[in-house]
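J.: Provided below for reference: sequence and predicted model.
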Amino acid sequence: MRESNRIVGLLLHKLDDIIKPGISTYTINKFADELIRNEGGEPAFKGYTIPGLPPFPAAICSSPNSCIVHGIPSKKQLLQEGDIIGIDVGVYKNGFYGDAAKTFQVGEISDKAVALMAITKEALRRGIAQARDGARVGDISHAIGSYVTSQGYFIADDLTGHGIGTSLHEDPVVPNIGRKGKGPRLKKGMTIAIEPMVNIGTNRVIENGWEFYVADGTLSAHFEHTILITENEAELLTEY
Ligand code: MG
């Protein structure tokens, strides 16, 4: 788990220098695919299937502005100054999966975009702070959801974090809204992906094939880490 997640963290770190105005999401995907394979991994999202949709075609999900998650990279999609873009990446290596996401700014961005990204990142930090041996999944969910709503932002409907290990998505489901003291109990040695998806204008989402959008067209941000549950603070497996 440390090795596959290390590659994820390395890639998201390197993208800081790659993502700038004028680059296409196709080119970002190509960079990601090559880096993952050079590190001895396989892109875990490529070919991923869910009922009713064609296999996911790329190594990363690239989700700009009002796209919440699962955006498909394209040669025609050129990033512009002022955009924000969520990049989600999965890596498979030695039988185990890694998964993380980060929202990047493209050049100079608006104050409201800066604030959205900061709130989402802080929500992830607060969720991770609850995650330890003996706690409940609802402790994480409550920490994320109560913080985001208290700041006047919205948790995207229908999208959650998850257990991860020998499969990309495993139990338990890790919602971004919930009640303290409820849900499955966390145990030392478990690995889970926590991933708040936060919108400015509404919790409602619109699905278009793979892609999820904020229903009112406002901005959305996404940060995710895969973590290892321990008796104390969780180990962030995807931190560079
Ligand atoms: Mg995930």
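T.: Here it is on my side, so go on.

J.: so for the helix or strand hosting Pro172, mean pLDDT?
T.: Using DSSP states H and E, Pro172 falls within strand 170-174. The average pLDDT within strand 170-174 is 98.

J.: that one pairs with which strands, and in what direction?
T.: Sheet pairing here is set by DSSP bridges, and for strand 170-174 it gives strand 161-163 (antiparallel).

J.: residues in contact with the strand it pairs with: which ones?
T.: Here strand 161-163 makes contact (CB atoms under 8 Å, 6 or more residues apart in numbering) with 140, 169-176, 190-195, 224. (Each C-beta comes from the backbone N, C-alpha and C, glycine too.)

J.: ok, the strand holding Pro172 near the ion or not?
T.: No. Strand 170-174 stays clear of the ion (CB under 5 Å from the ion), getting no nearer than 9.1 Å.

J.: ok so, going back, PyMOL command for the buried members of the contacts of strand 161-163?
T.: Only the buried entries of those go into this PyMOL selection, using 16 or more other CB atoms under 10 Å:
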select buried, resi 140+169+170+172+173+174+175+176+190+191+192+193+194+195+224
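
J.: ok, the contacts of strand 161-163 vs the ion, which is closest?
T.: Ala193 (4.2 Å; CB to the ion).

J.: show me what the closest one is bridged to.
T.: Where Ala193 sits in a bridge, its partners, by DSSP bridges, are His162, Thr226.

J.: what's near enough to touch it?
T.: Contacts for Ala193 (CB under 8 Å, 6+ apart) come out as Asp99, Ala100, Gly161, His162, Gly163, Ile164, Val174, Glu224, His225, Thr226, Ile227.

J.: the last one touches Leu237, doesn't it?
T.: If I follow you right, that is Ile227. Yes. Using CB atoms under 8 Å, Ile227 is in contact with Leu237, at 6.2 Å.

J.: circling back to that earlier point, just how off-centre is the strand holding Pro172 within its chain?
T.: With CA atoms, centre = their mean, to the nearest Å as the basis, strand 170-174 stands 15 Å off its chain's centre.

J.: and if you look at stretch 151-169?
T.: Using CA atoms, centre = their mean, the offset of stretch 151-169 from its chain centre is 8 Å.

J.: what residues sit buried inside that stretch?
T.: In terms of neighbour count (16+ other CB under 10 Å), stretch 151-169 has its buried residues at 153-157, 159-164, 168-169.

J.: gap between the two ends of it?
T.: Distance between the two ends of stretch 151-169: 30 Å, counting by CA to CA, to the nearest Å.

J.: mind listing residues that contact the lengthiest helix in the chain?
T.: Assignment by DSSP state H gives helix 111-130 as the longest helix of the chain. Residues outside helix 111-130 that contact it (CB under 8 Å, 6+ apart): 82, 84, 103, 105, 139-144, 147-148, 151, 153, 176, 194-198, 200, 219-225, 227, 233-234, 236.

J.: in ChimeraX, select just the buried ones from those.
T.: Applying 16+ other CB under 10 Å to the contacts of helix 111-130, the buried members can be selected in ChimeraX as follows:
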select :84,103,105,139,140,141,142,143,144,147,148,153,176,194,195,196,197,198,200,219,220,221,222,223,224,225,227,234,236
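
J.: where helices are concerned, which of the contacts of helix 111-130 count?
T.: Short answer: those in helices (DSSP H) are Asp139, Ile140, Ser141, His142, Ala143, Ile144, Tyr147, Val148.

J.: residues contacting the last one?
T.: The contact partners of Val148, taken as CB under 8 Å, 6+ apart, are Ile119, Thr120, Ala123, Phe154, Ile155, Asn176, Pro196, Val198.

J.: residues touching the fourth one, list them.
T.: To tie it back to what came earlier, the one meant is Phe154. With CB under 8 Å, 6+ apart, Phe154 has these contacts: Val148, Val198, Asn199, Ile200, Gly201, Thr202, Asn203.
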